[in-house]
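> below is the structure, and that's it, no one-letter string:
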């Protein structure tokens, strides 16, 4: 055996490891668990094995926040849907009504679209107060106005007491992608810069505290907001912007992992530059939760070319919703498909995709 | 020398085990010649092969010596003899005259693990210090008995072209030694001298580069004596070094390295210095002087624990500096004479009664510590918990900002390998550590009250014998912290060096490389990969993504299996598996488990009472949270009274205790944390296990009571905790009385060491009682103690004593770490037992 053959064998092992890393997680469960809804690996496995398997087509395949469909006249239509099951339905900073509008609007924004129309569907548990329903409807109307979209169709279902938890809301939305605009993980290149439009983990933390079962009082409000104006400001200032996402369920850590997988790059974040409110950090610390995995409802993560990073940052900071924006990291070619966090002491930690709920790993 | 006897016979003898790179062929040569045998010896992919012709008696004698008196560094696994054939006198032309060593054959599948690295032997040290020797003060001196092995090996068989010495062409003199079967450097692969071998260089950031070996060494020595911090390229990676007696230098090193309290190891020049600093029994002395050169943890002498950087010591150092080279420890003694003993700075191991000491693991370290004339801090060259740097560019980048100079050399390190750590004393039962200390035939075991806590440089990749034989090659990927990987084939497992905490990206890279490298060294591609059940361990993710058949092994079963392997046993035992955290299949965090287990199966028959783990990983970093959880569980009425003393956030954390998303745990490690926090010993930690280690340090000041019995201090019951316990058949150890006692002790102002000792004694008794009951229930004769908690010498000793008094055979760890560093070999053994047959 020559040294060359030996290198080949070692390389073969490494290549095989690499090949399997590329695969999406497998679904091995027999029944659905809450982990399948947590936005991490289990969610991805369920989506792949059940839904993508059954519905496979070119528009669905990228599993983007919204589908982009080309119309006969050449216009590009963006189409997205989302369901909302938050408990409690009202929390500091908003309600399920605001979320239902902002969630779908922001999914459209993430593919570069300008949102136009929304549908709203309700699943309501018998016994839910009409007054609360009015409040939710008013919040939806308020949010739609703020986002510049019209509610153009809807549906209502009522289920037996106990068959749902208060109220569930689904919204679907349609918007148009302006000519010449092209966003996607495929455009991301090593050397690009990662920008986040403001403090992370506000929404998830606010909702956890709003449940009222923790003796924690902190002035933390959800960041729920429509991001259409902010995105336009960013895309005007930095037309080379590669990729956009709103890091909702699963948080910044999860969307960065999805980016690293899809773009076949490394995403390297700098812990010291992550914008996070002191109160949020304190609450997460007490709860033992990593803010990287906590949901946001009014933030954008963008990948911009290095030469446009400063102008992009200035544009985002110039907007009300982007005052705390920061450049938080960069894209590298190695190690492919991984997210790393350089820590305050100079270490480099792997930010993995969560399987389900976070468990303590250390012993 | 006798000629061939008329009744000559030809035999082929194959010796397997660690037989390459340990001077085995010259050894065979000497004995064959002495016994009047003809033939040849060679290294092959299976091991060492001997074709010998001679009298049956001489051949038998050779085989006996191979089995019972192998060379000191060899580990003989098997001496296989193929049936002898009678041959006419004179034999075949090939075997006709004399005995010779032939070049390595290189065919087929390699089956030979590479030897571990070996510290300098006495013969080489004598030459190193002999001004007349051509290798006088040459930092890379080595021979067939010593020198680097595993860390320089790129591939097998172990031959110079496949090591990082390949680029150094031997001078004529070295080549002559290498070719002469009677020379002790015959086929010493890293053989080198100042004329042809590696050289030192010293890089001073922003300063000049010293690129002669004497210049680099002298400048480094001067800097160390001036209280500076120098990175030193060692055997398996870079260390950071500074004067261990200089509080300012030690403090500065802690600051730059961002390491708060975790103890540093100390390099001492010789055994005498080690004795001066610590209490060493025979085993500990043998371990520290052993060729593996581990870090030995030993109890400090009380008079050396005090730090005073006395002026007389400082002036002593000044005198030495003026005198030029200080090739001995006289300089240190000059200071000692006045101050009693060279005082180790307090910051080296703050608050701990033990010191980790190491004798020079290489000739370079020998020269450094002797020239400086003082003990040196020698800590891994990294930032905080990252893996150690081992390649020059990485060292310059990562360590450059931390040090005043980098002392490097041009012999590359192929595999990063941290120092091994061994604890001396604290194991009153008769332990042995294979491969360390004095060797006793048969089986190569040395006597010693020793326990390996980290199996790495000098010990890896020595194979571990499994009590079972695996049907397919197995890769076991270990846990998450203190990661190691193991590759098992037939009845042996090769366990990697210590890799570290996988969450760090560089460690993860090292983990992936170690898998590939071990597969290569063993010539085996695994067909089954074994992993922990924790879905979020990066090792689990890796295993599941490998594309091979996988098998999950529960964490605490793997611990007990590793203890069985360490003791060469495979029979059902009562396993006490106590550690910090491990994934339980019931959705709780395990860590205080009583298992009826053999290698194949494991059944949980008891556990510690469960409490909340409020804040998950945060409850591990902040022991006060565990104190709160135990308070709430055992003394709920007094939470408001006692909570505020724990932390200002106690109320918020208390509201997590019954929260649906809060995990529950039966962890024994967390109970130690809780008691440490309740007693006010420590409420947050800066390194893993710190609170428990400090609690044990206090307890150690109080002798173990001779009359403790298992009946006191605690309760065990089936289905305790009333309705909160899901499994009425499980025996539950409820330490509520121990918690209450700790609270009382804190309030009464009882000396902390007594409270700490009482807790150890009470918890050990309760643990033993439950174990004895469960063992009796199942008719078990033996108990196995494993998991990180059994690194606690006092607790281990007390539990073991009770179990023995109760009539059980007690298995404890010796050569395989009881902590998560042993998980990989435990996983491998379980999978082997389940796939293979008894071996």
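Thanks, I have the structure now. Note that the coordinates shown come from a computational prediction; the quantities given were computed from them, not determined experimentally. Residues are numbered from 1 along each chain as shown, chains lettered A, B, ... in the order given.
> list the residues that contact whichever residue of the stretch 201-350 of chain A sits closest to chain B.
When Cβ to the nearest Cβ is the measure, the stretch 201-350 of chain A has its nearest residue to chain B at residue A:288, with 2.9 Å between them. Where C-beta positions appear, they are placed from N, C-alpha and C, glycine not excepted. Residues in contact with residue A:288, defined by Cβ atoms under 8 Å, 6 or more residues apart in numbering or on different chains, are A:360, B:614, B:615, B:616, B:617, B:618, B:619, B:656.
> so how far is residue B:497 from residue A:232?
Going from residue A:232 to residue B:497 by Cβ to Cβ, to the nearest Å gives 55 Å.
> ok, residue B:744 next?
Applying Cβ to Cβ, one obtains 46 Å for the distance of residue B:744 from residue B:497.
> those two: who's more crowded?
residue B:497 (30 against 11; other Cβ atoms under 10 Å in any protein chain shown).
> count the residues that sit near the closest residue to the more buried one other than its chain neighbours.
By the measure of Cβ to Cβ, 6 or more residues apart in numbering or on different chains, the closest residue to residue B:497 outside its immediate chain neighbours is residue B:460, 4.0 Å from it. Residues within reach of residue B:460, counting by other Cβ under 10 Å, total 28.
> try residue B:223
Neighbourhood size, residue B:223 [other Cβ under 10 Å]: 22.
> gap between the spatially closest residue to residue B:400 that is not a sequence neighbour and chain A?
Taking Cβ to Cβ, 6+ apart as the measure, residue B:400 lies nearest to residue B:205, with 5.3 Å between them; neighbours along the chain are not counted. As defined by Cβ to the nearest Cβ, to the nearest Å, residue B:205 lies at a distance of 16 Å from chain A.
> tell me if I'm right that residue B:205 and residue B:405 touch.
Yes. If you go by Cβ atoms under 8 Å, residue B:205 and residue B:405 touch, sitting 7.4 Å apart.
> so where's chain B uncertain?
Across chain B, the ranges flagged by pLDDT under 70 are B:1-7, B:21, B:72-73, B:83-97, B:103-113, B:303-342, B:384-385, B:425-449, B:707-727, B:837-839.
> mind doing that once more with 50?
Counting by pLDDT under 50, chain B has low-confidence residues at B:1-5, B:88-95, B:106-111, B:304-340, B:426-448, B:712-713, B:719-725, B:838-839.
> out of the contacts of residue A:288, who has the most neighbours?
Counting neighbours by other Cβ under 10 Å, the one among the contacts of residue A:288 with the most is residue B:619, which has 30 neighbours.
> ok, that one - contacts?
Applying Cβ under 8 Å, 6+ apart as the definition, the contact partners of residue B:619 turn out to be A:288, A:360, B:613, B:625, B:626, B:629, B:670.
> run the last query once more with 10 Å
Under the criterion of Cβ atoms under 10 Å, 6 or more residues apart in numbering or on different chains, the neighbours of residue B:619 are A:288, A:360, B:581, B:589, B:611-613, B:625-626, B:628-629, B:653, B:656, B:662-663, B:665, B:667, B:670, B:673-674.
> same check, this time on residue B:216
With Cβ under 10 Å, 6+ apart, residue B:216 has these contacts: B:139, B:199-203, B:209-210, B:405-409.
> any chance of the residues you listed in a markdown table with distance to chain A and neighbour count as columns?
Formatted as a markdown table, the contacts of residue B:216 follow (distance: Cβ to the nearest Cβ, whole Å; neighbours: other Cβ atoms under 10 Å in any protein chain shown):
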| residue | distance to chain A | neighbour count |
| --- | --- | --- |
| B:139 | 28 | 27 |
| B:199 | 25 | 18 |
| B:200 | 27 | 25 |
| B:201 | 25 | 18 |
| B:202 | 24 | 26 |
| B:203 | 20 | 21 |
| B:209 | 25 | 12 |
| B:210 | 27 | 20 |
| B:405 | 20 | 23 |
| B:406 | 17 | 27 |
| B:407 | 22 | 28 |
| B:408 | 21 | 20 |
| B:409 | 23 | 21 |
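> can you map out the strands along the stretch 151-300 of chain A?
Read by DSSP state E, counting those that start in this stretch, the stretch 151-300 of chain A holds these strands, from start to end of the chain: A:167-177, A:193-196, A:243-245, A:266-270.
> quick check: residues of the stretch 201-350 of chain B near chain A?
Of all the residues in the stretch 201-350 of chain B, those in contact range of chain A (Cβ under 10 Å from any Cβ of the partner chain) are B:257, B:258, B:259.
> okay, now the closest residue to residue A:125 other than its chain neighbours: neighbour count?
In space, and not counting its chain neighbours, residue A:125 is closest to residue A:164: 4.3 Å by Cβ to Cβ, 6+ apart. Using other Cβ under 10 Å as the criterion, residue A:164 is surrounded by 17 other residues.
> name the nearest residue to the residue most central in space within chain A, sequence neighbours excluded.
The residue lying closest to the centre of chain A (Cα atoms, centre = their mean) is residue A:247, at 2.7 Å. Computed as Cβ to Cβ, 6+ apart, the closest residue to residue A:247 that is not its neighbour in sequence is residue A:255, at 4.4 Å.
> that concludes my questions; thank you for your assistance.
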